[in-house]
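J.: Okay, here's the prediction I keep looking at, along with the sequence it came from:
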Amino acid sequence: MDTSDFQNNPMDQFEQWFLQAQGKMPSGSLGLSERLEKKLSPLIRRVFSAVFPSMDRFEYNAVFLATANKEGVPSSRVVLLKGYDEKGFRFYTNYNSRKAKELDENPKASLCFYWGLPPRQVRIEGDVEKLSYDESNKYWLSRPRGSRLSALASEQSSPISSREELDEEVKELEKKYEGQEIPCPENWGGYLLKPHTYEFWQGMPSRNHIRLQYKKNQEGSWQKSWLQP
Ligand SMILES: Cc1cc2nc3c(=O)[nH]c(=O)nc-3n(C[C@H](O)[C@H](O)[C@H](O)COP(=O)(O)O)c2cc1C
């Protein structure tokens, strides 16, 4: 195997692995021909999800997001990837949450995906910026009404005295917005992570794992290099 087996653009490589993780594209990891994998993959996935029921609920776009405050103290949590293109990776959250405060202080972050079939990890590092209100609002309007009400009610990452307090708040908002559109609040929206480094890891027999790193150079093109497992 050499680096030419991987796409020149890491975003294309990401897309390939992302689709393969969902079984939407053959990955070759089952040792079958592409034609046979296409035919058998849905069946194999059905068998797997019968044995491991949690596979059915697997969210392929769930990703660990790591941030750090201005002192460099790290924190991480899962968010859902809600879009990617040549500009970067998009996720949405509350702009007063802990992660958002850390991103205000230190607008750098890393994302870490893990998929089990085939065993793969993708690490992505980059600079982060807020999306425009218009872009956030577009995604906000696509969310189910219940999710919008909960997001409106929640001061994410702040303490509450009881869960009932939050339920009451949601009920009041339900009444307030009955028959009306729920506007996207100013303190809720998306971020764009603009990647400068990627690492693609694939588990291999005898721990001889594949690790390929892409780094953006000063001219803006991508340099690939193998890393030791
Ligand atoms: C599967 C999963 C998906 C999640 N998706 C999001 C998300 O897209 N946005 C978000 O703000 N929180 C999401 N969360 C909750 C976060 O992990 C976290 O609890 C919350 O954002 C507060 O984090 P913070 O206090 O570090 O800001 C998700 C959690 C899980 C387990």
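T.: Noted; the coordinates are in hand.

J.: Can you pull out the low-pLDDT segments for the protein?
T.: Residues of the chain meeting the criterion pLDDT under 70: 29-30, 53-57.

J.: For it, list the residues in contact with the ligand, please.
T.: Applying Cβ under 6 Å from any ligand atom, we find that the chain lies next to the ligand at 59, 62, 75, 77-80, 91-93, 97-99, 156-157. From N, CA and C alone the C-beta is placed, and that goes for glycine too.

J.: if we go to 8 Å?
T.: 59, 62, 65, 67, 75-80, 82, 91-94, 97-102, 156-157 (Cβ under 8 Å from any ligand atom).

J.: I'd like to know which of the residues you listed are buried.
T.: 65, 67, 79, 91-94, 97-100, 102 (16 or more other Cβ atoms under 10 Å).

J.: Mind checking which of those residues are in strands?
T.: Assignment to strands by DSSP state E places the following of these there: 65, 67, 79, 91-94.

J.: Which parts of the chain are helices?
T.: Ranges of helices in the chain, per DSSP state H, are 10-21, 34-51, 98-105, 133-142, 145-153, 163-176.

J.: Save the ones you listed as a markdown table, and put in distance to residue 188 too.
T.: Below are those laid out as a markdown table (distance: least, Cβ to Cβ, whole Å):
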| stretch | distance to residue 188 |
| --- | --- |
| helix 10-21 | 26 |
| helix 34-51 | 33 |
| helix 98-105 | 10 |
| helix 133-142 | 7 |
| helix 145-153 | 6 |
| helix 163-176 | 13 |
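
J.: Which residues belonging to stretch 25-33 are considered buried?
T.: 25-27, 32.

J.: Mind telling me the two of those residues farthest from one another?
T.: Put simply, by Cβ to Cβ the two of these set farthest apart are 25 and 32, 13.7 Å from each other.

J.: could you list every residue that touches residue 28?
T.: Counting by Cβ atoms under 8 Å, 6 or more residues apart in numbering, residue 28 touches 34, 37.

J.: biggest strand in this protein, by residue count?
T.: The chain, longest strand under DSSP E: strand 188-202.

J.: what inclination does it have with respect to helix 10-21?
T.: 80 degrees (axes from the mean of the first three to the mean of the last three Cα atoms, to 10 degrees).

J.: Tell me the helices and strands packed up against strand 188-202.
T.: Judged by 3 or more Cβ pairs under 8 Å, 6 or more residues apart in numbering; DSSP states H and E, strand 188-202 is in contact with helix 10-21, strand 88-94, strand 108-116, strand 119-130, helix 133-142, strand 210-216.

J.: Single out the most deeply packed of those.
T.: strand 88-94 (a mean of 21; mean count of other Cβ atoms under 10 Å).

J.: May I have the strands that pair with that strand, each with its orientation?
T.: Strand 88-94 has these partner strands in its sheet, going by DSSP bridges: strand 83-85 (antiparallel), strand 188-202 (antiparallel).

J.: How about the spatially most central residue of the chain: what's its closest non-neighbour residue?
T.: Nearest residue to the geometric centre of the chain (Cα atoms, centre = their mean): residue 81, 3.2 Å. Nearest residue to residue 81 in three dimensions, chain neighbours excluded: residue 61, at 4.2 Å (Cβ to Cβ, 6 or more residues apart in numbering).

J.: quick one, phi psi at that neighbour?
T.: Main-chain dihedrals, residue 61, degrees, to the nearest 10: phi -90, psi 10.

J.: residues contacting residue 155?
T.: 94, 96.

J.: Which among the helices and strands packed on strand 188-202 is found nearest to residue 168?
T.: strand 88-94 (19.2 Å).

J.: Could you export the closest one as PDB, CA atoms only?
T.: Backbone C-alpha positions of strand 88-94 (Å, rounded to 0.1, in the frame of the first residue of the first chain) are rendered in PDB as follows:
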ATOM      1  CA  GLY A  88     -14.800  22.500   6.600                       C
ATOM      2  CA  PHE A  89     -17.000  20.700   9.100                       C
ATOM      3  CA  ARG A  90     -20.200  22.100  10.600                       C
ATOM      4  CA  PHE A  91     -21.800  21.500  14.000                       C
ATOM      5  CA  TYR A  92     -24.400  23.300  16.000                       C
ATOM      6  CA  THR A  93     -24.700  24.200  19.700                       C
ATOM      7  CA  ASN A  94     -25.500  26.900  22.300                       C
END
